[in-house]
Structures are given as structure tokens and as C-alpha cells.
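> I would like the atomic coordinates for the input below:
(2 chains)
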Amino acid sequence: MSKPPDLMQGTLDLLLLKILALEPMNGHAISVRLKQVSSTVLQVSDGSLYPALHKLEQHGWVSASWQVTENNRRAKYYRLTRPGRRQLEKEAANWDRISTAITRLLDLGTIQ
Amino acid sequence: MDFERWLHILPLRWRSLARARQLDRDLDDEISYHLEQQVDDLVARGADREEAWHRVRRNFGGVQQAKEDCRDARGMAAIDALRQDVRYAVRTLWRAPGFTAIATLTLALGIGANTAVYSLIDVILLSRLPYAAPEELVSITGPYPNGAFAAMRRELRTLDVGAYADGHFLTLTGRGMPVRLAGTRVSAELFSTLGVTPAIGRWLRAGEDESPNDRFAILSHASWQTRFGGDPLILGQSIELDGQPHEVVAVMPAAFEFPSRRTEVWVPLRLDPRNTARYWAGDFMPVIGRLRHGASLADAHAEIRLFQSRIGARFPWKMPADWNKDVSAIPLHEALVGDVKTRFLIMLTAVAAVLLIACANVANLSLSRAAARRREISIRSALGAAPRRVAQQLITESIVLAFLGAGAGVLVAAEGLSVLKLVLPPDTPRLMETYVSWRALLFAGVLAIVTGCAFGLAPVVQAARARLEGALDSGSRGSGSVVAAPLRAALTVAQVACAVLLLIAAGLLVRSLWALSRGDPGFHADQVVTARIAPAESVCGTADRCLTFYRELERQVQAAPGVRAAAFVNTLPLTGAIAKRSMVLAGYTVPEGKAAPLFWMHAVTPDYFKVMNIRIETGRGFTPADLSGGPAVVIVTSATARRFWPGGDPIGRQLRFINERNWHTVIGVAADVRGFDLARSVPDWIDGAMYVPHGPNATMEDGRIPSEMAVVLDTSLDTRRVTSILENIAARATGPIVVDDVRPMTAITAEAVAAPAATTSVLVTVAGLALALGCIGVYGVLSFLVSRQTREIGIRLALGARPVDVFWLVIREGATLCAAGILLGIAGALAVTRWLASELHGVNPTDPVTYAAVATAVALVSMAACAVPTRRAMRVDPLIVLREP
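Prediction:
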């Protein structure tokens, strides 16, 4: 089984912020959503998902609260804070800049 | 800085610290919810539950690792490390009880002394006055007579003002033995201006201080309790003060003291314009004010300057141009603490120096230990401890130690504070309110952290060096500690320097005190007992009756067994009592714009000079004939004669009171007496001093003759016997007479020394402490040097050195350190002791005797501290030392 590519530093944060921008979610739901949106190209082990979420929380970009799920269990829900939304915009713009640059570089390579 | 983000972050950080357990449980819940949810998903898709569980666990990766990562994400690593460090530090300190005890004690003394002095400063200098909105209160510098105050009250727009005249004693009669109460006359608005409410009763109403018939009294809580048994029905009762009924309208709260703790009763001023002399020349009173809404201190200041420029013209006589010309409005707090500020700052500086010494000492001790712990630190580094962690560990240890010291220091502070309360002069404002407050505790805490870091740094620096050397192989002994030696030497030099500085400051104060108490006060009254005599109005209502009473009293007292001589005086030296008169001197012109010379008038009976042993330098003393209203005569003091008739013969000169016509003739010159305090005959604002016979010509500003007198007795009897003699005589008189303040003249002199003595004794104690700690430092560093050189000494001895050579070898190192410290201390003292100048009398801040004495003493004491290590060095047995591995 070939190993999926490692996520670039900071990319996971960007993905999580983006996912949470749509609606507040608990950790499990985020994990499911991550798998759905990235199919299997970007694989995030659940083991690194939680430290990433906690780090975002400590940075004040997401806030967490305990809520009851539809099947009546207690789960920790994460939501994007306003500073988090600003951070998302900043990182998304950043990502655009870098990926455009890299794409252009790679295109250059194929022409030669 | 994203402020909104911190709104989220700060509560989280707090929870990480305070709710660590709860957060750990939440984390467990969160992850197990995740796992179970995934298992459920798989099972729903038809997987076997057992199988699903394994798959989920495998996908997740290390659960423990994930949890650790999460905890790190919220900064738990640092907190755990801190917790570990503290636990480790406590264990280490526990295993070194000797070191811990000495270090704790040293720090406790340093921190305790600082906390005690800070507690005083906190209440007396820093805290707000205990009145409503104290920042609005101002003091108008420069006293004003009744008339000027009344004008001020009517005319000022920026201030509500109140005035008070302190030091009026009132005789309380009709309730057992007559007693004298310390009274303060106040304007009706004084209390409302201060913004205090009475414990019971009401304030004086506006205008209740104007008519001579308004007789009201407000009692202090203490006098209510002691003089009236706390009678709950006291309000509205009539009490007899100075023979007149006064209605009690209020009792003050226990904590209220104004202007000082001494005041027992407040009675209204009598602002009566018909009594011109009293209205414009009676009490010159301090005035306080409260800024009205919208007015600033600057407005008030401007207005009072304007007021001053026009008030002079309204006096019934011409006021000198320079009278109160520098008047200003300053914050009341500043006015109240002005005098004591310097003393407290001196004390604070001194105790801060002690703390520095204590820190240096503990740093030195820690260094010795760090030298011994080099192996331990090296091992920890070798096992992978990051340099930062090692440093953090050492600093933590120091801070734990400092907190131990601070804890013990609080006990020292509480004890020290109660001693300070006894030692400091009782008129120190708000002294009794002081306590070891939470602010002082906070202060101790901050001190602990700062000192912890300060002395913790030394071993850290050394540990850093130790790492550089990679010291695991360098064994337990040898050259390894050389690096620390200069640091330790520097600390020791600093300690000795601080101690020298403090000792010089203390020495100067001691010499000044010595000069004060040994200086010739002008009187010699080792066997004199004094007492205040306050006859009631019925006894002393008119001059004739009063004088008759005193002649009779004098006769009876002189006849009492055991009394060699007796005399009377209106104002005893050194008691703060002053009677002043403005004078006209024949043949002396007052310089333009200056006030008429103000003299201190002593009204005495002829034997006063004999009883008090005051020398008559030229001319003659008084005779009984002078008492009975013959030609008016006066004796001036030596300094007064020199000032007003320089070079000429003062005998036969004429002078008179400014508002009277008859001239007094100078018949003698008396030696100067330190009457105001031990340094001065008269306060700065008085120009001369004179004696007049206590007869009809001895009139005071209000035109009456002094009715309250002090009796001075030349006797070997003790105060108890004197009291009973005086009381027996008083009981036979025609009206109530209060006899109180019976005490030896020596006690009065001692009290006058008390205020400077307090600062001095505190500083001497502190300096002694500094010297002791400094010696421990010298001893410590020299012992360390000797133990480091044991091997070298052993070799020298083996090669034929004599013990005396070893002696010189060691003592030279000690002497160098001490000499450097002493020189540095002297340099420091030369630089800073001029700040002491205001507290010094009769001694120069650079007094060479003090400097030399301190230098010699410190040299001797520190050499003594060197003795033990030197002896140890001389007894090194080369056989044993050289055989050691």
C-alpha cells in the first residue's frame, strides 16, 4: 500500500478552518468530512487531528463547547471564531499565492 | 495584537493551569467518543464489533501519543516541568537542612526587615488619608489668625475651609478629681470638610463657632471611654470645661485622630471680632480645605495667593510685607507626612541594603553548593537535560528558597513592626494604624521572586560554565571552581561595602545623637521633678487672684519636706510649649518689610534660674520684689543680646510688648537654653528669648498673665511622692486645680531625644545586622577558598612551608577582599551620606572620625571572620591530604 503524501506544514490547519467555516462540528464528524472532501489523496490520521484541533483552540481561532449529539451523547463541538475566520482568509490567500507560484514553476519545467 | 483572540485564549490558559485534571478527563471523553463513533459506523456497515475496534485503533495511531500531543498543545509540558522542578527543589532543600536553615534565616531577616518598613510606609506615606475623597483635601501652608480665617471662609470660591488650633488644654471638673484634657479648637466646618461622620451625635452647625456663648464639646472615643465610662447617654449632657458648662454634641469614631492622637476633646473656635487682640493675633491656625466641584489645586493655589495679597491690609495694625508671602495650597497628605518622609526613606534604603547583603550571602552559599553539585548537574546534562531546563531547575530552587525566606520573613516583619511601633515617636502620623497588610505580603512575595532570581543567577552562570568544561571527568576537586571565585569575591566585596556604608550612616547618626544628648542644654536639672498646674477659672480668673494663688502655692511647696527649692515657669524647655510676644526694642529698627521681632516669653519666679541651674552671665537675676509689679524688668538670653545689641552692653536696654506702653528694662543676661529642641533654643520663626517675672507685667497676647504654669522642684523625691504632695496642697485650695504631667526633667530631655533616637536605633540595628551577614559572607568565601586550596597547602607544607607562611597565604586573600569592600563602602558613603544631613546635628556627613572608626571596626571584625578558615588551613596535614585520591 503506497503511503499518501504528507500534508504540508500548516495545510491541515487550513483544511480544518475551512471545514469549520461551514458549520460547527465535533471531532469525529470533522474526521469523516476530511475523508469525504479529500477522498483519499490527503490522508490525515485521526491521531494528528486532535492535537491540531487543540492547537487551533489554544490560538483562539476556534472555540469548543460540549454539546449533545443527535444520538444523545456528549461530544465536543468546535466552531470558528471571528479571529479564526480572519486567519482562514489570510491562510487561504497565502495558499493561493504559493500554489500559483509552484504551478507556474512546474509548468515552466514541462515547456523546456 | 489581535485583542479579540486573547478573549478566547486567556480563559483557556487559566483553565490549563487551574483545571488541568478536568481538561485531561475531557480529552479522554473526546477521544473515546471519536473511537466509539467510528466503531459504530463500521458495525452499521456490517463489520464485526471486535474487528471494527481493532481497525479503528490501528487507523487512529497511538492514542497515548495523541493525548500527549494535545496536552502539549495547551502548554501542559511547561506546567508539568515546573511542578517537577518545585518537587525536586523541595526534596533537594530538605536533604540539605543546614544550608536551607541558614539561607532561610538570612533571607527572612532581609525580607522581614523590608516588609516591616514597607508596611509602615504603605500606611503612613502611600495609603490614602482616612477621609472621604482625600484627593480633594488641601492644606494651606502658613497659619492664619481667627479674623483672617473668617474672611477666608467667606470669600474663597475654590475651597471649603476649616481651621483648628491645637494644644489648648481644658480642665474637666465636676466628675471626681479635676483632669486636664488635651483640646483642639475647631471651626464648625472642620469635620464636614474632612468628610468624617461622628460615631454618635451631630456636627457643629455653621455659625456655632462664632459666639463666645456657644459652648459645645465633641469627645474622642478614647476620652469618652476613659473619662466618661463610655456613658451611652452622654449626648446632650453638660460637662464642665474650664469652669464653663459645655454641651456634648458628638463622640468621634475610635480610629479618628485629628490633628493627632493626643486630642481628647474638640471645642469650637470662638471667632469673635469684638475681641480684637484674640481675633487678629491669638492662635495662628493651620487651615485645611476641600476643593469645590470643578476646582483644581492650581485654582485653589492661585486664589489663596490672591487672598494673601489683600488680607494684610485688613489687620488692625500694619502687617509686615513678608508675612505668609510664600503661602501655597498643597495636598493635605503631603503636608501631613512631610516631616517623617526623610526618616522612612533612610530606613527603607538601609533595609534594602540589608536585603542586598542577604541575597549576596545566599548566592555565595548557593555557589558553594553548586560547586559541590557540579557532578549532579553534569550527569543531568549528560542524560539529555537541556541547558534551559537545568537553569530553570536552579532558578526554581532559588525561588522556593526565597519563598521559605519570605514566609519566615513575614513573622520577622510582624515582630519588627511591633518593635518599631514602640520605638518610633508617638506623634508619627497614623502609626497605630499600621499592620502587616496584604500589600506588604504582596511586597514580600515580589521581593521573594526578585531575590530568588537574583541569587539564583550565580549558580546558573556557574552551571553554564560547568557545561562548557564538560566536567564529568574533572573529578570532585581541583581547578573546576576557579570560574566561580571572581564572582564570589565580587559578592563578598559588595557585602562588606554595603555593611560599611550602613555602619557609617548609623555611626554618623549615633554621633549626632551623642552630640544632642551630651551637648550642654543650658540647664542642669538631674534632680528636678516637674508638674503642670492648671487652676480653674475660679482660682485664676483675675491677675491678682491668680498671682496670690501662685505665691501661696510656691510657699507651701517650698515648705514641703524633701523639697530643696521650687519655682514656676509658663513654658518648660523641650515640651513644645511656647509663649510668643512681638517686641519693640529701643534703639533697634525693624528692617523694611520684616515683622517686629518675635520673642519667646518665659514667665518665671525668681528661683527658676537656681532650680534649673541656668547661669546668669551678666547682671542679676529676679528678686521677690520684681514679682510684685515694681518697675518692669526683663532678662534676655545670651544669643538674643548678641543678636540685637552686638558689641554693646545689654544691661539697661529698654524693650516693650508691641501692644503695650510700659518699657521693660534689661537687668541681666541668662545663658542660652535648648528650649525648643536639643539642637535649637528657639524655632526658626522666633527671633529671641527672654524671661519676665511672673507678676502683673508678664502679660500674654490676650492681655492676661499665664494661669497654667509648670512647677519645677529641686528634690530627691520620686514622682509618686511629689504627686501626692502637690495633690494634697491642691486639695486645700479654694477651687479645682489639676496637677498632672508629673515627671523628672530628665524624662523630658530623654523624650526630646526620642525621635532622632528612633531612627538611629533602627539604623544601628540594621547596620549591625548588615555587619553580621557580611562577616558570614567573608567567612563563607574564605572557607571555600581554603577548602579549594587544601591540596595546594598540603603540598606547600610537604615541601617545607611553615604554618606561618600558610597563615599569610590565606589571610592575604581575606584581607584583600575586606580592604576592597571597605574602600568601596567609604566611597559609597561619601557619595550618599549628604542625604542624611538634615538628620545630623553637630556632625559633618564626612566626619573623618566616624569613617575611620567604622573602617577599623569592620577590618577587625572581618579579620576575626577570617580566623577560623585560616586556622583550618594552618592545620592541614600534608600526609592526609596528599594521600587522598
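
> determine the longest helix present in chain A.
In chain A, with assignment by DSSP state H, the single longest helix is helix A:82-111.

> buried sites along it?
Burial within helix A:82-111, assessed by neighbour count using 16 or more other C-beta atoms under 10 Å in any protein chain shown, is assigned to A:83, A:84, A:87, A:88, A:91. C-betas here are computed from N, CA, C, even on glycine.

> just stretch B:575-595 next, same as before
For stretch B:575-595, the neighbour count (16+ other C-beta under 10 Å) marks B:575, B:577, B:578, B:579, B:580, B:581, B:582, B:583, B:584, B:585, B:595 as buried.

> likewise for stretch B:298-307?
B:299, B:300, B:301, B:303, B:304, B:307.

> that one: how far from the chain's middle?
Counting by C-alpha atoms, centre = their mean, to the nearest Å, stretch B:298-307 is centred 32 Å from the centre of its parent chain.

> and if you look at stretch B:331-347?
9 Å.

> what residue in chain A comes nearest to chain B?
Closest contact between chain A and chain B, by C-beta to the nearest C-beta, is at residue A:47 (3.1 Å).

> spatially nearest residue to that residue (excluding sequence neighbours)?
residue B:61 (3.1 Å; C-beta to C-beta, 6 or more residues apart in numbering or on different chains).

> ok, residue B:753 next?
Distance criterion C-beta to C-beta, 6+ apart; nearest residue to residue B:753, sequence neighbours excluded, is residue B:517 at 5.0 Å.

> tell me which parts of chain A are close to chain B?
A:26-28, A:31-32, A:45-48, A:50-51, A:54-55, A:57-61, A:63, A:66, A:73-76, A:81-83, A:86 (C-beta under 8 Å from any C-beta of the partner chain).

> which ones among the residues you listed are found in strands?
A:26, A:63, A:66, A:74, A:75, A:76 (DSSP state E).

> name the nearest residue to residue B:209, ignoring sequence neighbours.
residue B:268 (3.9 Å).

> and the one you found, how many neighbours does it have?
Using other C-beta atoms under 10 Å in any protein chain shown, residue B:268 is surrounded by 23 other residues.

> need the contact list for it.
B:185, B:186, B:187, B:188, B:204, B:208, B:209, B:214, B:216 (C-beta atoms under 8 Å, 6 or more residues apart in numbering or on different chains).

> try residue B:424
The neighbourhood of residue B:424, defined by C-beta under 8 Å, 6+ apart, consists of B:431, B:758.

> who are the contact partners of residue 54?
I'll assume chain A. Applying C-beta under 8 Å, 6+ apart to residue A:54 gives the contacts B:69, B:70, B:73, B:74.

> chain A next: which of those residues are close?
Within the contacts of residue A:54, those near chain A by C-beta under 8 Å from any C-beta are B:69, B:70, B:73, B:74.

> before we move on, back to that, so who does the residue of chain A closest to chain B touch?
B:60, B:61, B:62, B:63, B:65, B:66, B:69.

> and the least confident of these?
Within the set of these, pLDDT is lowest for residue B:61 (77).

> just the buried subset of the ones in strands among the residues of chain A next to chain B, written out for PyMOL, thanks.
Restricted to buried positions by 16+ other C-beta under 10 Å, the PyMOL selection for these reads:
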select buried, chain A and resi 26+63+75+76
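
> looking at the ones in strands among the residues of chain A next to chain B, which is nearest residue B:220?
residue A:63 (60.3 Å; C-beta to C-beta).
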